[in-house]
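Asker: after the sequence you'll find the predicted model.
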Protein chains: 2
Amino acid sequence: MLHSVIMAGGVGVRFWPLSRRRQPKQLLDLLGEGTLIEQTVARIEPIIPKGQRWIVTNREQMAMFREAAPEARDQRFILEPMGRNTAPAIGLAAIHLLSEDPDAVMIVLPADHRIENIEEFRRCLMTAVDLVSNSDILATIGIEPTRPETGYGYIQVDRSSKLPAENAFRVKTFAEKPNMELARRFFESGEFVWNSGIFIWRADVIMQQLAEHLPQWYSGLQEIAGALGTPQEDEVTKQIFGSLKGISIDYGVMERAPRVVVVRSTFRWSDVGSWDEVWRLIEQDADGNSCRGNTEMVDSRNNLVLARDKLVALVGVKDLIVVDAGDAILICPRDESQQVRAMVEQLAKTGREEYL
Amino acid sequence: MLHSVIMAGGVGVRFWPLSRRRQPKQLLDLLGEGTLIEQTVARIEPIIPKGQRWIVTNREQMAMFREAAPEARDQRFILEPMGRNTAPAIGLAAIHLLSEDPDAVMIVLPADHRIENIEEFRRCLMTAVDLVSNSDILATIGIEPTRPETGYGYIQVDRSSKLPAENAFRVKTFAEKPNMELARRFFESGEFVWNSGIFIWRADVIMQQLAEHLPQWYSGLQEIAGALGTPQEDEVTKQIFGSLKGISIDYGVMERAPRVVVVRSTFRWSDVGSWDEVWRLIEQDADGNSCRGNTEMVDSRNNLVLARDKLVALVGVKDLIVVDAGDAILICPRDESQQVRAMVEQLAKTGREEYL
């Protein structure tokens, strides 16, 4: 059977001051379209039956989802006792699925991305599902790049290897976020697509691959699998999962696995990775400003201003992010918005817990 | 007798959002030293007897001063029914002084400037007072420039005309705010000083000069003088003063008068004309930031941040003004801070009275 597994463990510190420990990125309505997780759920709901839709998260975020989103009622939760990056989280999901459904096929989706052209998105997913359902293929969705972006990982497509499915190719290599020169070469070559972080495979196949490439993690997961449904489940999960090192599925498995396929797609996709990206994604007025709340502008261009009741007044300002979260207001040039993380680290270091 | 006349009618729109109709610039503590008018009063109090210290302002501001400053108790108020720039305001003060003291010598001072080296300031004033007490000289204080500033008016000194008083010279010309090229020539010539807007003269002499150069204004003022102390005083003042056109004393009298003298002085002076100037005047930390209230900085330099309880967090920000007034927050690059006026105009135009 087909299952969806939404990965929703992170906080999204780059969206401070809106993102907080108690209000993670996926629960924010950054784009004025509803929360990111709500959008993610809505995208897969029509193609995945109730009872087969899962969210991997922690206990605190589960409570928040349940409170914030009516959609949470129709989801099943797999609880990570702590964050250990994507490989352990995906393994944990796989053993849960296998305990109910030895033939489980899983679609792994980040909770906090944005996608347009949902019909094409679903078509790509189903192409991948067809490819993996009766095989040991690991499939991923690659996004046709529209610019030489340095903020995304890339996948090199083996163009000589057209598979008997629409837009499906073998993967040559995975490449981490490149510098601008390399990003340009990737973009111009036509051989590279963006790594969307969306994966499709049989649960038993990803477990085999974990056994092969991450044997220590595999053993731990098998130990947890043995405890599922017993009174010791929570305690064993906590202890064993906590002992695993954090590692990403890209680095731990995808870059090493022999049979990896990418479905090239052209739906518009973003990882919504920074305030600057939010500015790009939401509608701008004739001066390039994107504003919400109580704002006033004089001779100001290309700004993102998320205000509240307090009037945010910009005079002669260009290319700035301004976000009022009520108790704190962030001011940051658009091209520095990756650095917001450093502010959160500084607040933690100086013990300003009330802002975390 | 010697009288001080502090000119305190304006709002100081360039200090929005702190300056409001109900909270003018001179009542702000922009520099962390007390309000500007409090400082102005304190500077002249030791040299002017009680009963001879006057403030020219409007009814609303008088009420505010009285409420805000204990010093206001020892001041006498001359009320302008409306703002008409400096020439009518000074004329109004002169007729009030003359009605009590035909020998009145007046020191005219803006309410909202900043001065260091107060002893030298007072010495310069007394030099000027000695020069004008028994003569028809109009005296002004010129400030030795420390940079080619485009924000101030200049006075050209006639260096061949050393008068029998310390640092006193005849004035050759008054020059309005120059462009940068001209400001550099003024600065390098050594012949120009900044126009401080501080004037010293006999009240009867300035009235003679008004009669000579602004006869219409003079007639109006004489009509008001005739009504002083009568039951019609307020009504006549309101009607006649309202009929006068606004004109500055520099343009209306100083540039045309035959016997103008400048006392060159080297005390540190500023007209506190913009948020950028406030940044220059108050203490900066090692990164060039001047902060008050609840702030946090990451990789940010040369900013002025006046925060309150709400955390103002800057990430990668350079050369910015941020001022939180509670109901509104201004964000403006330092070198655009003259444009704050345009924001106030826009708020007025769009009917956002609550912010004016």
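Answerer: Perfect, I can see it now. Numbering: from 1, shown residues only, chains lettered A, B, ... in the order given.

Asker: near chain B, which residues of the stretch 151-300 of chain A are found?
Answerer: Residues of the stretch 151-300 of chain A lying near chain B by Cβ under 8 Å from any Cβ of the partner chain: A:296, A:298-299. Where you see a C-beta, it was placed from the backbone N, CA and C, and this is true even at glycine.

Asker: span of stretch A:283-294 from start to end?
Answerer: End-to-end distance for stretch A:283-294: 17 Å, by Cα to Cα, to the nearest Å.

Asker: swap that for stretch A:239-253, please
Answerer: 23 Å.

Asker: now do stretch A:157-168
Answerer: 9 Å.

Asker: now do the buried residues in that stretch.
Answerer: Within stretch A:157-168, the residues that count as buried by 16 or more other Cβ atoms under 10 Å in any protein chain shown are A:157-158, A:163, A:167-168.

Asker: please apply the same query to stretch A:114-128.
Answerer: For stretch A:114-128, using 16+ other Cβ under 10 Å, the buried residues are A:114-115, A:121-128.

Asker: count of neighbours near A:Thr40?
Answerer: Counted with other Cβ atoms under 10 Å in any protein chain shown, residues neighbouring A:Thr40 total 24.

Asker: quick check: closest non-adjacent residue to it.
Answerer: A:Ala111 (5.2 Å; Cβ to Cβ, 6 or more residues apart in numbering or on different chains).

Asker: run a quick neighbour tally on the one you found.
Answerer: Around A:Ala111 there are 26 residues (other Cβ under 10 Å).

Asker: check the buried residues of stretch A:157-168 against chain B and report the nearest one.
Answerer: Distance to chain B across these (Cβ to the nearest Cβ) is lowest for A:Val157, with 36.0 Å.

Asker: tell me, how many residues neighbour A:Leu281?
Answerer: Counted with other Cβ under 10 Å, A:Leu281 comes out at 18.

Asker: before we move on, what about A:Gly316?
Answerer: 22.

Asker: just read off the phi/psi values of the spatially closest residue to it that is not a sequence neighbour.
Answerer: Distances taken as Cβ to Cβ, 6+ apart put B:Glu336 closest to A:Gly316, at 3.1 Å, once the chain neighbours are dropped. Here is the backbone geometry of B:Glu336 (degrees, to the nearest 10): phi -110, psi 10.

Asker: which element is the closest residue to chain B within the stretch 101-250 of chain A on?
Answerer: The stretch 101-250 of chain A approaches chain B most closely through A:Gly151 (16.4 Å), counting by Cβ to the nearest Cβ. Counting by DSSP states H and E, no helix or strand carries A:Gly151.

Asker: ditto for A:Val205
Answerer: helix A:203-213.

Asker: returning to that earlier point: hmm, which two among the buried residues of stretch A:157-168 are most spread apart?
Answerer: A:Asp158 and A:Asn167 (13.2 Å; Cβ to Cβ).

Asker: for stretch A:119-130, what is the average pLDDT?
Answerer: For stretch A:119-130, the mean per-residue pLDDT is 96.

Asker: and the contacts of that stretch?
Answerer: Here stretch A:119-130 makes contact (Cβ atoms under 8 Å, 6 or more residues apart in numbering or on different chains) with A:2, A:43-44, A:46-47, A:105, A:107, A:115, A:139-141, A:165-168, A:198, A:200, A:261, A:263, A:265-267.

Asker: try it again at 6 Å.
Answerer: Contacting residues not belonging to stretch A:119-130 are listed as A:47, A:105, A:107, A:115, A:139, A:141, A:165-166, A:200, A:263, A:265, A:267 [Cβ atoms under 6 Å, 6 or more residues apart in numbering or on different chains].

Asker: before we move on, what about stretch A:347-356?
Answerer: By Cβ under 6 Å, 6+ apart, stretch A:347-356 touches A:21, A:328.

Asker: quick one: buried residues of that stretch?
Answerer: A:347, A:355-356.

Asker: of those residues, which belong to helices?
Answerer: Judged by DSSP state H, helices contain the following of these: A:Leu347.

Asker: of all the buried residues of stretch A:347-356, which comes closest to A:Ala8?
Answerer: Nearest to A:Ala8 among the buried residues of stretch A:347-356, with distances taken as Cβ to Cβ, is A:Leu356, at 19.0 Å.

Asker: excluding its backbone neighbours, what's nearest A:Arg170?
Answerer: For A:Arg170, the spatially nearest residue (Cβ to Cβ, 6+ apart) is A:Ser161, at 3.9 Å.

Asker: how far away is that neighbour from A:Val171?
Answerer: Distance, A:Ser161 to A:Val171, using Cβ to Cβ, to the nearest Å: 9 Å.

Asker: spell out which helix or strand contains A:Met126, please.
Answerer: Counting by DSSP H and E, A:Met126 is found in helix A:118-132.

Asker: then that helix to CSV, C-alphas only?
Answerer: Taking Å, rounded to 0.1, in the frame of the first residue of the first chain, the C-alpha atoms of helix A:118-132 are listed here in CSV:
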residue,chain,number,x,y,z
ILE,A,118,0.0,20.4,-7.8
GLU,A,119,-1.4,18.2,-10.6
GLU,A,120,2.1,17.9,-12.1
PHE,A,121,3.5,17.2,-8.6
ARG,A,122,1.1,14.4,-8.1
ARG,A,123,1.8,13.0,-11.6
CYS,A,124,5.5,12.9,-10.8
LEU,A,125,4.9,11.2,-7.5
MET,A,126,2.8,8.5,-9.2
THR,A,127,5.4,8.0,-11.9
ALA,A,128,7.9,7.3,-9.2
VAL,A,129,5.5,5.1,-7.2
ASP,A,130,5.1,3.0,-10.4
LEU,A,131,8.9,2.7,-10.7
VAL,A,132,9.6,1.6,-7.2
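
Asker: from the chain's centre, how far out does that helix sit?
Answerer: 18 Å (Cα atoms, centre = their mean, to the nearest Å).

Asker: wait, A:Ala211 sits on A:Gly220?
Answerer: No - applying Cβ atoms under 6 Å, one finds A:Ala211 not in contact with A:Gly220, separated by 11.5 Å.

Asker: looking at these two, which one has more neighbours?
Answerer: Neighbour count, other Cβ under 10 Å: between A:Ala211 and A:Gly220, A:Gly220 has more, with 23 against 14.

Asker: how about the more buried one, secondary structure?
Answerer: Three-state assignment for A:Gly220 (DSSP: H, G, I helix; E, B strand; the rest coil): helix.

Asker: list the contacts of the residue nearest to it when sequence neighbours are not counted.
Answerer: Closest residue to A:Gly220 apart from its sequence neighbours, by Cβ to Cβ, 6+ apart: A:Ile240 at 4.7 Å. For A:Ile240, the contact set (Cβ under 6 Å, 6+ apart) comprises A:220, A:223-224.

Asker: again with A:Ala111
Answerer: A:6, A:8, A:26, A:37, A:40.

Asker: let's have the residues you listed in JSON lines, adding pLDDT, secondary structure and distance to B:Leu311.
Answerer: JSON lines is the format used below for the contacts of A:Ala111 (pLDDT from 0 to 100; DSSP: H, G, I helix; E, B strand; the rest coil; distance: Cβ to Cβ, whole Å):
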{"residue": "A:Ile6", "pLDDT": "97", "secondary structure": "strand", "distance to B:Leu311": "32"}
{"residue": "A:Ala8", "pLDDT": "93", "secondary structure": "coil", "distance to B:Leu311": "27"}
{"residue": "A:Gln26", "pLDDT": "93", "secondary structure": "helix", "distance to B:Leu311": "24"}
{"residue": "A:Ile37", "pLDDT": "93", "secondary structure": "helix", "distance to B:Leu311": "27"}
{"residue": "A:Thr40", "pLDDT": "95", "secondary structure": "helix", "distance to B:Leu311": "31"}
